[in-house]
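> This is the structure alone, sequence omitted:
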């Protein structure tokens, strides 16, 4: 079983981390089944967030009795000190624990630092002094913020999107984290569903011995895939390298990663799915995206106000309204 150490934290776990965002979409009973199976099969790192509705509660219900044997990372998206403490206490209560291993700022638009006027980093230090958190982390979709955090020396871990679609700047960040002894937690390892070969994703990431992927899991069958890699890890064969080269060519340029930071839309458009519909139609069974539900969702694009709010919030600086319209026109060709 391959293991990864998260930099100076000393946290060492197997290469499969559990991303607990998707379990908010399953029943409490199913969540317990999936989470307990993950634990029983050797997964020890679990990542959640206050923004993930009842994800933390499900983690607490499933794993509180084995708390000393696992590592929990969660996040606060608060921009105020008062909100920080409220989020932290809520997370501790939900998770049924008195400490969080890694407490992370959740995709802030800037890199919190001591003396920046927000008091947020000082709150992290106080929470650590009280023993309520052990390590300080930051998650982000903005490369400049992640680089600043890495170079600041203030953060024990950085969580950032990383997959075989990464460019050299992303790879440089991974290497910089290793040089600075900062743990690198990899989100979006399947690029929000655009990568449909988990074996290729796993084999690519395994090249980086400091990278811990957190796989977003909501089905037992998905969990079984990653568990199987613990005994027989996929290798970066020529066939997989050819697949990666093909996907990089097909997905080059501006494409929606499905992060959802553009949401909510004032007209109710599911931007994080509709803005990448063309790719989903070609990389997943098309029929599931052509049903009445998704036809109705795509039709909402006709009501786009062009207000630009989604564009302003996109961490990848995409022209989201233009991308929506482009995807809608393509979508309609599949209905003819």
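Now that the structure is in, tell me what you want to look at. Remember, predicted model here, so these are calculated numbers, not experimental data.
> the bottom helix or strand of the protein by mean pLDDT?
For the chain, the helix or strand with the lowest mean confidence is helix 277-283, at a mean of 86 (criterion: mean pLDDT, DSSP states H and E).
> And for that one, what's in contact with it?
193-194, 196, 251, 255-256, 273, 289-290, 294, 298, 326-328, 330-331, 334 (Cβ atoms under 8 Å, 6 or more residues apart in numbering). All C-beta spots, glycine's among them, are computed from the backbone N, C-alpha and C.
> Now do the phi/psi pair for residue 41.
phi -100, psi 10 (degrees, to the nearest 10).
> and the gap between it and residue 62?
Distance of residue 41 to residue 62, computed by Cβ to Cβ, to the nearest Å: 14 Å.
> ok, now which ones touch residue 44?
Residue 44 is in contact with 13-14, 69-71, counting by Cβ under 8 Å, 6+ apart.
> Just the buried ones from the contacts of helix 277-283?
Neighbour counting by 16 or more other Cβ atoms under 10 Å classes 193-194, 251, 255-256, 273, 289-290, 294, 298, 327-328, 331 among the contacts of helix 277-283 as buried.
> Give the ranges of residues in the chain that sit below the confidence cut-off.
Applying pLDDT under 70 to the chain flags residues 253.
> Tell me where it has helices.
Using DSSP state H, the helices assigned to the chain run over residues 28-40, 55-63, 81-95, 120-129, 143-152, 168-179, 198-205, 220-231, 238-250, 271-274, 277-283, 292-299, 309-313, 320-333.
> tilt between the last one and helix 292-299?
Put simply, helix 320-333 runs at 140 degrees to helix 292-299, going by axes from the mean of the first three to the mean of the last three Cα atoms, to 10 degrees.
> Helix 320-333 packs against which elements?
Helices and strands touching helix 320-333, by 3 or more Cβ pairs under 8 Å, 6 or more residues apart in numbering; DSSP states H and E, are helix 271-274, helix 277-283, helix 292-299, helix 309-313.
> highest average neighbour count across those helices?
Comparing the helices and strands packed on helix 320-333 by mean neighbour count (mean count of other Cβ atoms under 10 Å), helix 271-274 ranks first with a mean of 23.
> Work out the gap between it and the centre of the chain.
Offset of helix 271-274 from its chain centre (Cα atoms, centre = their mean, to the nearest Å): 16 Å.
> before we move on, what about stretch 15-33?
13 Å.
> do stretch 324-331 as well
Stretch 324-331 has its C-alpha centroid displaced from the chain centroid by 26 Å (Cα atoms, centre = their mean).
> buried stuff in stretch 103-122?
Buried residues in stretch 103-122, defined by neighbour count with 16+ other Cβ under 10 Å: 103-108, 110-112, 118-122.
> So which of those residues is the closest to residue 188?
residue 107 (12.1 Å; Cβ to Cβ).
> Relative to residue 78, how far out is the closest one?
12 Å.
> Residue 202 now?
On the measure of Cβ to Cβ, residue 202 and residue 78 end up 34 Å apart.
> And for residue 265, nearest residue in space, chain neighbours not counted?
Nearest in space to residue 265, with sequence neighbours left out and distances taken as Cβ to Cβ, 6 or more residues apart in numbering, is residue 271 at 5.5 Å.
> what sits against the one you found?
Applying Cβ under 8 Å, 6+ apart, the residues near residue 271 are 256, 260, 262-263, 265, 310, 320, 324.
> cool, residue 106 as well?
If you count contacts by Cβ under 8 Å, 6+ apart, residue 106 has them with 49-51, 75-77, 139.
> Pick out the most distant pair among these.
50 and 139 (12.1 Å).
> Between these two, which contacts overlap?
Contacts common to residue 50 and residue 139, judged by Cβ under 8 Å, 6+ apart, are 75, 106.
> Pick out whichever of those two has more residues nearby.
More crowded of residue 50 and residue 139, by other Cβ atoms under 10 Å: residue 139, with 24 against 20.
> Verify the stated contact: the more buried one with residue 111.
No: checked against Cβ atoms under 8 Å, the pair residue 139 and residue 111 is beyond contact range at 11.7 Å.
> Off-centre distance for stretch 239-247?
23 Å.
> Residues contacting that stretch, please?
Residues outside stretch 239-247 that contact it (Cβ under 8 Å, 6+ apart) are 164-165, 195, 197, 199-200, 203-204, 234.
> Verify the stated contact: residue 136 with residue 152.
No: using Cβ under 8 Å, residue 136 makes no contact with residue 152, being 10.9 Å away.
> who's more crowded, these two?
residue 136 (21 against 16).
> So what sits opposite that one in the bridge?
For residue 136, the beta-bridge partners are residue 103 (DSSP bridges).
> domains for the chain, by residue range?
Listed by automatic domain parsing, the domain ranges of the chain are 3-245, 271-333.
> end to end, how far does the last one reach?
It refers to domain 271-333. Distance across domain 271-333, first residue to last, is 19 Å (Cα to Cα, to the nearest Å).
> How far does it sit from its chain's centre?
Mean-position distance between domain 271-333 and its chain equals 21 Å (Cα atoms, centre = their mean).
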